[in-house]
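Chemist: I'll drop the sequence and a predicted model, then ask my questions.
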Amino acid sequence: MSIERRSSWFISLCCAALTWGGAAYAQAPTAPQAEINMTLDQARNIGVAALEQGNPTLALQIGYGLLQADPNDAFAHYLIASAFRQQARPAAARRAAALAYRHAETTSEKFQAAQLAARISVEEQRFTRAQVWLRRSLIHAPDPAFLPRIEEDYRRVRALDPLQLRFSFSLAPSSNVNNGSDSPYALIEGVPVIGIFDGLSQALSGVTAAADLALGYRLHRTQSSETRALARLYSSRVWLDDSSLALANSFPGADVSNEDFAFSSVEAGLRHAVRPGGMDGRGLISADLVAGRSWYGGSPYQRFGRLGLSGGLSLTPATTLSVGAEIERRSFETSANRPIESLALRGTLAHGLDNGDRISLSLSWRDSQSDSRNAVNTRTAAYLQYAMAAPVGPARLSFALGAATSDFPDYAVGFIVVPGGRLDETVFGSVEMLFEAFDYAGFVPSMTVRAQKTRSNVSRFEASEIAVSFGVRSRF
C-alpha cells in the first residue's frame, strides 16, 4: 500500500487545515484561504495527528484529499472510517472500513481494517456482522499471540448477538448408507423359514452428504432467563456406487434411484432457559417445544412434535453433569403405520483432566409405544468419549466407544411372530480428527472414522458399517 511509498503527488489544503488544533480549527475565519502543497506522507501524518487530537473534520478532509491522489488508497479509507467513528456516524464508518479492507495490500493492513470494522459493527449493535469481521481479522492476524484475544472477543460478541447460527456439512463414504442387512438371506432365530432379501434391503455402499443449519433468535432476556425462537433445516443426499445401484435394481419390478434416499426435515419451536437463584451461576435449566415435518424420497414422510427438558450443573470447576428428558410424538404422512409416542431420558458426566484432556460418560434410554406392533421398542445406550487437548501431529483427536440394545417385544415379519421378540445389540466406535493447523477464519477441516456392528435375531437387522466422514467445524 502507499503508506510507505513516496510520491510526487501533492494535495491542496487550506491554511485552516494546516493550523489544526481543536478550537483553533473550529473557529477558523472565513477569509480567503491559500493553498499549500504537501507530500502524501506529510498529509497522512497530519491526518493521524488530527484523529489523536479529536479533530475528525480535518481527518476527513485529509482522507478525501488522499483519495483524489489514489481512489484505492487503503490508508485514506481507514482514516475516513476512523474519523466517521469519532463523529458517531457508524454506518458511514463501517462502509469506509470495508473499503480499507478491500484495498489493503498487506496482512497487517487487512487485520487493522477488519478489527476496526468489527468494533464499529459492535457499536452499531450489528453483532452478527461483527462476528464476520472478527473471523476475517483471524485470517490476517500478523502474530499468533493475537489469536486468543480475537477468539475471546468473538465469544463475547456472540453472547451479545440475539441471533445464533450453527451450520455443519459433511461428506461421508460408507459401506452401508441404507442400514441394510449384511446377508442376502432372511432368517429368524427359532423359525425354520428362509427367504431372500431384495437388493434394497441389503447393505448398499455409496456416499452420503449432509447439511445441517440451526438458528436461534433471542426474543427476551432478563438477568436470570432468556427465551429464544428456534428453527432448523436438515438435508441429506445419497449417491450409490455402480455395483450397489445395480444390486438395488436387480430384483423384478425394482426402480431404485439415488433420489429415493433423499431425506429432509424442517422444525421450529421455542426455548426458555432459566438460571435458578441459589445455584451461584452453576446450573441452567431449559425447556424446548418443537414441531416439524420431514420428507423421504421426495415424498412427505412424518410430522412430529417434541417437548424437552434439560439441565446442567457444574459439580466442581472440572466436572459437569447434564441431564435431559423429552416426550415426542411422530405420525406418518402416507403409510399405514400408526403414530409413535416416545419418552427419552439421557445424562452425561464430563470431567476435565489436569492436562486439559476431557473424558465423558453418556447414558440414554428411550421407550417408544404405538398401535403398530413393530414400532414398540425400548433402546438403551451408553458410550464413553475421550477428547485430547494437545494435538497429535497435525490433528487434535477424540475417541468414542459405546454399545446399545434395542428390544422389540412383539415384533413380526409379515405373518410370522418373532419368538421372544426382536433383539438388536450394537457396538460402535469412532475417531474424530480436527486439523487445527489448517485453520481458516476459525473454521477447521475434520475427519471422522466410524465403525458399527449390529447383531440381531432377525437377519434383516444384522448390519455393519464403516464410514469416513469429512466436514468443517468451528473451533470456537
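Modeler: The structure has been received and is ready for your questions.
Chemist: can you tell me how far Ala59 is from Glu341?
Modeler: From Ala59 across to Glu341, the span is 67 Å (CB to CB, to the nearest Å). In short, each C-beta sits where N, CA and C put it, glycine included.
Chemist: among those two, which residue is more densely surrounded?
Modeler: Ala59 (26 against 16; other CB atoms under 10 Å).
Chemist: and that one, what does it touch?
Modeler: 47, 50-51, 79-80, 82-83, 86 (CB atoms under 8 Å, 6 or more residues apart in numbering).
Chemist: mind checking which helix or strand it is in?
Modeler: Per DSSP states H and E, Ala59 falls inside helix 56-69.
Chemist: re earlier: PyMOL command for the buried members of the contacts of Ala59?
Modeler: Of these, the buried ones go into a single PyMOL selection, burial set by 16 or more other CB atoms under 10 Å:
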select buried, resi 47+50+51+79+80+82+83+86
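Chemist: among the helices and strands of the chain, which one scores worst on average pLDDT?
Modeler: Within the chain, no helix or strand scores below helix 23-26, which has a mean of 31 by mean pLDDT, DSSP states H and E.
Chemist: quick one: mean pLDDT over stretch 383-403.
Modeler: In this model, stretch 383-403 carries a mean pLDDT of 95.
Chemist: also stretch 128-136?
Modeler: Averaging pLDDT along stretch 128-136 gives 95.
Chemist: for the closest residue to Val427 other than its chain neighbours, give its distance to Asp73.
Modeler: Excluding the flanking residues, the one nearest Val427 by CB to CB, 6 or more residues apart in numbering is Ala403, at 5.0 Å. Separation of Ala403 from Asp73 (CB to CB): 64 Å.
Chemist: and Glu259, by the same measure?
Modeler: Separation of Glu259 from Asp73 (CB to CB): 54 Å.
Chemist: just checking, what packs against the longest helix anywhere in the chain?
Modeler: Selection of the longest helix in the chain by residue count, based on DSSP state H, yields helix 107-123. Helix 107-123 sits against helix 74-86, helix 90-103, helix 127-139, helix 147-160, with contacts defined as 3 or more CB pairs under 8 Å, 6 or more residues apart in numbering; DSSP states H and E.
Chemist: if you count neighbours, what's buried in that helix?
Modeler: Buried, per 16+ other CB under 10 Å, within helix 107-123: 109-122.
Chemist: how is the chain partitioned into domains?
Modeler: With automatic domain parsing as the criterion, the domains of the chain are listed as 11-160, 163-474.
Chemist: and the ones you listed, which one's lowest on average pLDDT?
Modeler: domain 11-160 (a mean of 83).
Chemist: then the helix holding Ala59 to PDB, C-alphas only?
Modeler: What follows is helix 56-69, C-alpha atoms only, in PDB (Å, rounded to 0.1, in the frame of the first residue of the first chain):
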ATOM      1  CA  PRO A  56     -12.300  14.200  12.800                       C
ATOM      2  CA  THR A  57     -13.300  17.000  10.400                       C
ATOM      3  CA  LEU A  58      -9.700  17.700   9.500                       C
ATOM      4  CA  ALA A  59      -9.000  14.000   9.300                       C
ATOM      5  CA  LEU A  60     -11.900  13.600   6.800                       C
ATOM      6  CA  GLN A  61     -10.500  16.500   4.700                       C
ATOM      7  CA  ILE A  62      -7.100  14.800   4.600                       C
ATOM      8  CA  GLY A  63      -8.700  11.400   3.800                       C
ATOM      9  CA  TYR A  64     -10.700  12.700   0.900                       C
ATOM     10  CA  GLY A  65      -7.600  14.600  -0.400                       C
ATOM     11  CA  LEU A  66      -5.600  11.400  -0.300                       C
ATOM     12  CA  LEU A  67      -8.400   9.700  -2.300                       C
ATOM     13  CA  GLN A  68      -8.000  12.300  -5.000                       C
ATOM     14  CA  ALA A  69      -4.500  11.200  -5.500                       C
END
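Chemist: what residues of that helix count as buried?
Modeler: Residues of helix 56-69 classed as buried: 56, 58-63, 65-67, 69 (neighbour count, 16+ other CB under 10 Å).
Chemist: and if you look at stretch 394-405?
Modeler: 395-396, 398, 400, 402, 404.
Chemist: quick one: which of the residues you listed is nearest Glu462?
Modeler: For the buried residues of stretch 394-405, the residue nearest Glu462 by CB to CB is Ala404; the value is 14.9 Å.
Chemist: how many other residues sit next to the closest residue to the closest one other than its chain neighbours?
Modeler: In space, Ala404 comes closest to Ala381 once its chain neighbours are excluded; the distance is 3.7 Å by CB to CB, 6+ apart. Neighbour count of Ala381, defined by other CB under 10 Å: 17.
Chemist: tell me the bridge partners for Ala381.
Modeler: Counting by DSSP bridges, Ala381 forms beta bridges with Ser364, Ala404.
Chemist: dump stretch 231-241 to PDB, restricted to CA.
Modeler: Taking C-alpha atoms only, stretch 231-241 is exported to PDB below (Å, rounded to 0.1, in the frame of the first residue of the first chain):
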ATOM      1  CA  ALA A 231     -35.500 -23.200  13.600                       C
ATOM      2  CA  ARG A 232     -33.600 -26.000  12.000                       C
ATOM      3  CA  LEU A 233     -33.100 -27.300   8.500                       C
ATOM      4  CA  TYR A 234     -31.500 -30.600   7.700                       C
ATOM      5  CA  SER A 235     -31.000 -32.400   4.400                       C
ATOM      6  CA  SER A 236     -29.100 -35.400   3.300                       C
ATOM      7  CA  ARG A 237     -28.500 -37.000  -0.100                       C
ATOM      8  CA  VAL A 238     -27.100 -40.400  -1.100                       C
ATOM      9  CA  TRP A 239     -25.100 -41.400  -4.200                       C
ATOM     10  CA  LEU A 240     -24.800 -45.200  -4.500                       C
ATOM     11  CA  ASP A 241     -21.800 -46.700  -6.300                       C
END
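Chemist: hmm, who's touching that stretch?
Modeler: 177-178, 204-216, 248, 258, 261-269, 292.
Chemist: filter these down to the buried ones.
Modeler: Counted by 16+ other CB under 10 Å, these give 177-178, 204-208, 210, 215-216, 248, 261-265, 267, 269, 292 as buried.
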